[in-house]
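Participant: this is the structure alone, sequence omitted:
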């Protein structure tokens, strides 16, 4: 059974029966064993609908942790370069850092990326709606997929617009004469936006894969996992971009 | 059909087969690394010795030996065996799971590691040979192809090999983390995990963080070398009178990034050995681990604090001295959980009925080396003392005792202990004891005198001590003694190899639980159900024996 979000509480509240009251018989609506009950005392494979999902989420989280460290290393290189300089002939320390004004289109791109994180979150939630998942699991069409697909397509479109916007920003800088190897600042601008851009290209490839998977995968569970993991990756890239954007705009 | 089966056998995702493959990979690496170290010892003692075919060992050849010895041993022996080979061997069994969380990812990690080793070994055969910048690859020596022989193609191959290794390590750790967190069998709560599994949990987390940092740093160094960037390349570098490309980078950045990886790396290398020590000491003293939860906390603390001590490799690098003080404090702090673990082990020895089987001997040896090497850690952790001792043989003694000997002895202990799981047979006890005693004495003979050489000021990385420089000529007898011990140590390993390969075919058949252990890897059941902790040893745990295994008296699982 695939995972769902259940709105109502599973356990009913009980008050103490006191003297002469009825003993608390176990009358749970699900008959017991619902949710994550007794995770540790069941075999793997029988722990409930979220088991495979959680395993894949662990893997994505670990991978993102490593990726975060990768970006942290780039950022630390940025700060080290900021403090670099040389001694000029009159023995003065001259900084080599020339703050670069980020092209204003970056603000629009950031807005587009944030919007895309909203759309992909909506897409992810569509795939977990209880009634639709039940219908899919019973083989009655794919209502969840049909709900999620437009939002996924919207995310792909917005992500592509972001990348096009980044490309325009690069063109604008190039027109003004700032290339990859012009000076340390432009170098870092291209490096940071380029690395993040490559990650986003991979993210868009993953989104397209998820879109196709939604229609081709036969197991509901795997459809959910594909979109869920892709969305966590996309959220992380959005979060990383917020930090990188703040770095490029406010920390020059 | 035949080809299909062969392909499945070769590209297997089966955990035990991968463990065997990893062990063979590490065997190749350790044999190569040992030969390189013996060549180093030969050159230091008899500098004018001419090798057949190659001729005399030039100073740059010596540095290439140093570089490749360090790289092979640290990465392909001390990271691969405890972090990849042993988990593939016993993790699934110890948590009662039939499969890894991501078996194909696990297999892919092995093949990427193999590609990495082959790339590294290829550096010997390219024009100008292997790189000479040490396993630490400090720029600008490592950033400029003209900086020395072997720094062109050899250095590129080294960097590519390391980058591949980082990728493989991270992928393998993602699999291990997901497996430990989500595939434990019923009843295997976190506080019933063997301490080996806890150590893999911590070392896998450290791997994800540390190796990602090295991946980024190595990519940046490759970019410096080939894409015109200058992360690490400073301005005004002149080689042989020729000014090089003016960079605007900082070699200090490499030091910070590399050691941010480098220090957690040594904890990744030793933590599984420490977990194994706890398990084996419990097994062979027939006592539980006192303060099991304390050991868990100590392991977590060592892992966590290990991320904050990297600056103690950089006390004399020109770093801000106040930063040196801060790193000195964190380094001293990390000796607290390590001491807690050591004291727990000593308490187990005092309270237990010690059975001197070969795995136990090697764990006692591990303990001995760990204490001996560990005691010089707080000495080197003081910036004031390190100012003198940095880059002397005192440091070489410290890390060889702690990593090479303690770490390697824990690997030996693991192999002797888990040999029945791989082959169904036991290794020969008599040969094992001979192997242990000769190795112990020869290792102390090789590495202990290095302390005194270091205190006398003998520097690292000098190709020879005689000739124009006379100050260290009086240490040459010490060097000779070290060389003889080193050769004896290497020779003793031949006994081990003979024992391994002979026992694999003709060793005494081992029963299902030859060491009378409690942990699940010795369980005959396929789907265990756990209802107690991992170290139920002792005279009062069961009326009929002195241990109660973790899988004992369980009901078969009913759906």
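Facilitator: The structure has been received and is ready for your questions. All values reported here derive from a predicted model rather than from experimental measurement. Residues are numbered from 1 along each chain as shown, chains lettered A, B, ... in the order given.
Participant: need the residue closest to the centroid of chain B.
Facilitator: Nearest residue to the geometric centre of chain B (CA atoms, centre = their mean): residue B:78, 2.1 Å.
Participant: how far away is it from residue B:150?
Facilitator: To residue B:150, residue B:78 is 23 Å away according to CB to CB, to the nearest Å. Every C-beta, even on glycine, is put in place using the N, C-alpha and C of the backbone.
Participant: so what pLDDT did the residue in the stretch 351-500 of chain B positioned nearest to chain A get?
Facilitator: Nearest residue of the stretch 351-500 of chain B to chain A: residue B:421, at 21.4 Å (CB to the nearest CB). At residue B:421, the pLDDT value in this model is 92.
Participant: and it, which helix or strand is it part of?
Facilitator: helix B:408-423 (DSSP states H and E).
Participant: buried stuff in that helix?
Facilitator: B:408-421, B:423 (16 or more other CB atoms under 10 Å in any protein chain shown).
Participant: stretch B:216-236 now?
Facilitator: Neighbour count says stretch B:216-236 has B:216-222, B:224-225, B:229-234 buried, by 16+ other CB under 10 Å.
Participant: for stretch A:101-113, same thing?
Facilitator: Result for stretch A:101-113 [16+ other CB under 10 Å]: buried residues A:102, A:103, A:106, A:109, A:110, A:112, A:113.
Participant: and for stretch B:101-121?
Facilitator: Buried residues in stretch B:101-121 (16+ other CB under 10 Å): B:101-103, B:105-110, B:112-117, B:119-121.
Participant: same check, this time on stretch B:350-364
Facilitator: So, applying 16+ other CB under 10 Å, buried residues of stretch B:350-364: B:352, B:357, B:358, B:359, B:360, B:361, B:362, B:363, B:364.
Participant: can you give me the end-to-end span of that stretch?
Facilitator: Start to finish, the residues bounding stretch B:350-364 are 13 Å apart (CA to CA, to the nearest Å).
Participant: likewise stretch B:182-191?
Facilitator: Start-to-end span of stretch B:182-191 (CA to CA) is 15 Å.
Participant: give me the buried positions along it.
Facilitator: For stretch B:182-191, by 16+ other CB under 10 Å, it's B:182, B:183, B:184, B:185, B:186, B:187, B:188.
Participant: what about it, near chain A?
Facilitator: Yes: applying CB under 8 Å from any CB of the partner chain, one finds stretch B:182-191 touching chain A at B:182, B:183, B:184, B:185, B:186, B:187, B:188, B:189.
Participant: how far away from the center of its chain is that stretch?
Facilitator: Distance, stretch centre to chain centre, for stretch B:182-191: 28 Å (CA atoms, centre = their mean, to the nearest Å).
Participant: isn't the residue nearest to the centre of chain B up against residue B:407?
Facilitator: Yes: counting by CB atoms under 8 Å, residue B:407 is a contact partner of residue B:78 at 5.3 Å.
Participant: mutual contacts of the two, please.
Facilitator: Shared contacts of residue B:78 and residue B:407, defined by CB atoms under 8 Å, 6 or more residues apart in numbering or on different chains, are found at residue B:269.
Participant: which residue packs closest to whichever residue of the stretch 1-150 of chain B sits closest to chain A, ignoring adjacent ones?
Facilitator: Minimum separation of the stretch 1-150 of chain B from chain A (CB to the nearest CB) falls at residue B:101, amounting to 5.2 Å. In space, and not counting its chain neighbours, residue B:101 is closest to residue B:178: 3.8 Å by CB to CB, 6 or more residues apart in numbering or on different chains.
Participant: that neighbour against residue A:62, yeah?
Facilitator: Yes: the criterion here is CB under 8 Å, and residue B:178 meets it with residue A:62 at 7.1 Å.
Participant: in helices only, show me the buried residues of stretch B:101-121.
Facilitator: B:103, B:105-110, B:112-117, B:119-121 (DSSP state H).
Participant: the helix or strand where residue B:332 lies: which residues count as buried?
Facilitator: Per DSSP H and E: residue B:332 is located in helix B:321-351. Neighbour counts over helix B:321-351 (16+ other CB under 10 Å) mark B:324, B:327-328, B:330-331, B:334-335, B:337-338, B:340-342, B:344-345, B:348-349 as buried.
Participant: cool, and stretch B:419-436?
Facilitator: In stretch B:419-436, counting by 16+ other CB under 10 Å, buried: B:419-421, B:423, B:425-428, B:431-432, B:434-436.
Participant: and stretch B:135-151, by the same measure?
Facilitator: B:135, B:137-145, B:147-151.
Participant: with stretch B:30-42 instead?
Facilitator: For stretch B:30-42, by 16+ other CB under 10 Å, it's B:30, B:32, B:33, B:34, B:36, B:37, B:38, B:39, B:40, B:41, B:42.
Participant: the residue nearest to the residue nearest to the centre of chain B when sequence neighbours are not counted: neighbour count?
Facilitator: Closest residue to residue B:78 apart from its sequence neighbours, by CB to CB, 6+ apart: residue B:269 at 4.1 Å. Counted with other CB atoms under 10 Å in any protein chain shown, residues neighbouring residue B:269 total 28.
Participant: then residue B:91?
Facilitator: Neighbour count of residue B:91, defined by other CB under 10 Å: 23.
Participant: list the contacts of it.
Facilitator: B:15, B:176, B:179, B:180, B:197, B:200.
Participant: please redo it, this time with the cut-off set to 7 Å
Facilitator: Contacts for residue B:91 (CB atoms under 7 Å, 6 or more residues apart in numbering or on different chains) come out as B:176, B:179, B:197, B:200.
Participant: out of those, which are buried?
Facilitator: Looks like these have B:176, B:179, B:197, B:200 buried, using 16+ other CB under 10 Å.
Participant: just say helix, strand or coil for the third one.
Facilitator: Three-state secondary structure (criterion: DSSP: H, G, I helix; E, B strand; the rest coil) places residue B:197 in helix.
Participant: what sits against it?
Facilitator: B:91, B:94, B:95, B:180.
Participant: again, but for residue B:250
Facilitator: So residue B:250 contacts A:80, A:84, B:232, B:234 (CB under 7 Å, 6+ apart).
Participant: where exactly do the helices run in chain A?
Facilitator: Counting by DSSP H, the helices of chain A are A:51-82, A:105-126, A:130-137, A:143-175, A:184-216, A:220-250.
Participant: which one of those lies closest to chain B?
Facilitator: When the helices of chain A are compared (using CB to the nearest CB), the closest one is helix A:51-82, at 3.6 Å.
Participant: for the closest one, which positions count as buried?
Facilitator: A:51-78, A:80-82.
Participant: ok, stretch B:250-257 next?
Facilitator: Buried residues in stretch B:250-257, counted by 16+ other CB under 10 Å: B:250, B:251, B:252, B:253, B:254, B:255, B:256, B:257.
Participant: how far does it sit from its chain's centre?
Facilitator: Taking mean C-alpha positions (CA atoms, centre = their mean), stretch B:250-257 and its chain are 24 Å apart.
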